[in-house]
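**Student:** Sequence first, predicted model second:
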Amino acid sequence: MEIIAERINTSIKYIEKAYEEKNAKVIQEEALKQVEAGADIIDINAGLKLDNNVQRLVWAVDVVQEVTDVPLAVDSIHPKAIEAGLRRCKDVKRCMANSITMQKARISGILPFVKEMGCKVVGVTIDEGGGMPDHAEGRLEIAKRLAEAVDSYGIDLSLLYVDFMCLPVSVPNWYRQSLTSLESLRLIKKELPQVKAMVNVSASTWNLPRRSLATRTFQAMLMASDLDAVLLNPLDRELMATIVVAKTMLGRDKDCVAYLAAHKEGILQERPSI
């Protein structure tokens with residue numbers, strides 16, 4: 001399972017400040033902390049504003065690549081910003097365009113350069129009108145249409161990461177949305193074995209007390225359903241420890257090598273009981 005690190009994002013106040021001040025050190029330190037914590041891919045998001053999104057993403061891609069060669073997910077609602085950021089990537093075939101939906105402007109604005117560059121692409125289960133079904137079957141249907149769109153451009157389906165979305169269970173009447181996400185994952189894995197399934201796990205636990213506990217519990221459940229990639233905060237040590245343990249207990253860690261190494265490194269260290 002690939003771990004996509006989420007913290008270079010303007011929703012974090014000091015990251016937004018670093019963008020405003022062009023403080024490369026802050027961005028670079030955040031990238032390195034996430035890599036050291038176990039990130040396989042670093043997501044880079046520069047906010048929502050169109051007027052400076054291209055410049056911000058290009059700058060962030062450049063400064064991150066000065067300190068690490070871990071692949072990047074260039075993340076924006078603006079196709080031109082994604083393209084500009086990816087064109088700065090040194091090894092673009094390992095990188096990721098984040099993201100397309102079924103909206104025509106995103107399909108036509110992103111898939112041509114994904115085909116040209118040979119990079120990965122995230123497809124979010126959002127329809128042409130910007131909506132998302134609240135049931136698993138509807139998300140599967142959009143996933144199939146995303147796969148058809150990607151295939152129509154001659155892009156190998158193994159490069160498509162379908163984000164089936166997690167909605168927060170804390171919102172009134174959404175308390176079963178975690179089950180919907182799990183069922184969406186199972187259906188996508190069954191019906192679309194060529195693609196990869198991913199999700200932002202912490203989205204499901206928004207506004208919950210003891211959020212980290214809820215997030216890591218749900219993460220283990222997703223792994224049991226063969227999640228391929230996850231967007232998360234790798235600086236949450238207990239979440240990362242849960243991933244190691246879940247991998248072992250799901251039979252994906254021969255002779256418990258990863259578990260024992262994590263124990264030796266102190267990654268699995270328990271907090272004292274209260």
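**Tutor:** Yep, it's here.

**Student:** residue ranges of the strands in the stretch 151-274 of the chain, please?
**Tutor:** 160-163, 196-200, 229-232 (DSSP state E, counting those that start in this stretch).

**Student:** hey, which of the ones you listed is tucked in deepest?
**Tutor:** Neighbour counts (mean count of other Cβ atoms under 10 Å) averaged over each of these peak at strand 160-163, with a mean of 26. C-beta: built from backbone N, CA, C; applies to glycine.

**Student:** So which elements touch that strand?
**Tutor:** Of the remaining helices and strands, those touching strand 160-163 by 3 or more Cβ pairs under 8 Å, 6 or more residues apart in numbering; DSSP states H and E are strand 120-124, helix 136-152, strand 196-200.

**Student:** Same list, the strands of the stretch 151-274 of the chain, but as a markdown table with mean pLDDT and distance to residue 29 please.
**Tutor:** Listed next are those as a markdown table, based on pLDDT from 0 to 100; distance: least, Cβ to Cβ, whole Å:
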| stretch | mean pLDDT | distance to residue 29 |
| --- | --- | --- |
| strand 160-163 | 98 | 27 |
| strand 196-200 | 98 | 23 |
| strand 229-232 | 98 | 19 |
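
**Student:** Rebuild these as a markdown table, extending it with distance to residue 264.
**Tutor:** Below are those laid out as a markdown table (distance: least, Cβ to Cβ, whole Å):
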| stretch | distance to residue 264 |
| --- | --- |
| strand 160-163 | 32 |
| strand 196-200 | 30 |
| strand 229-232 | 23 |
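
**Student:** got a markdown table for the helices and strands packed on strand 160-163, with distance to residue 170 too?
**Tutor:** Below are the helices and strands packed on strand 160-163 laid out as a markdown table (distance: least, Cβ to Cβ, whole Å):
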| stretch | distance to residue 170 |
| --- | --- |
| strand 120-124 | 21 |
| helix 136-152 | 20 |
| strand 196-200 | 15 |
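
**Student:** Let me know which of these is the nearest to residue 214.
**Tutor:** Nearest to residue 214, of all the helices and strands packed on strand 160-163, is strand 196-200, at 13.9 Å by Cβ to Cβ.

**Student:** hmm, back to that, can you say which of the helices and strands packed on strand 160-163 is nearest to residue 37?
**Tutor:** Smallest distance to residue 37 across these (Cβ to Cβ): 17.0 Å, for strand 196-200.

**Student:** in the stretch 1-150 of the chain, which spans are helices?
**Tutor:** According to DSSP state H, counting those that start in this stretch, the stretch 1-150 of the chain carries its helices in the segments 13-21, 24-37, 50-65, 79-87, 104-117, 136-152.

**Student:** Just give me the residue closest to the centre of this protein.
**Tutor:** For the chain, the residue nearest the mean C-alpha position is residue 231 (3.1 Å; Cα atoms, centre = their mean).

**Student:** For that residue, name its beta-bridge partners.
**Tutor:** Beta-bridge partners for residue 231, by DSSP bridges, are residue 4, residue 200.
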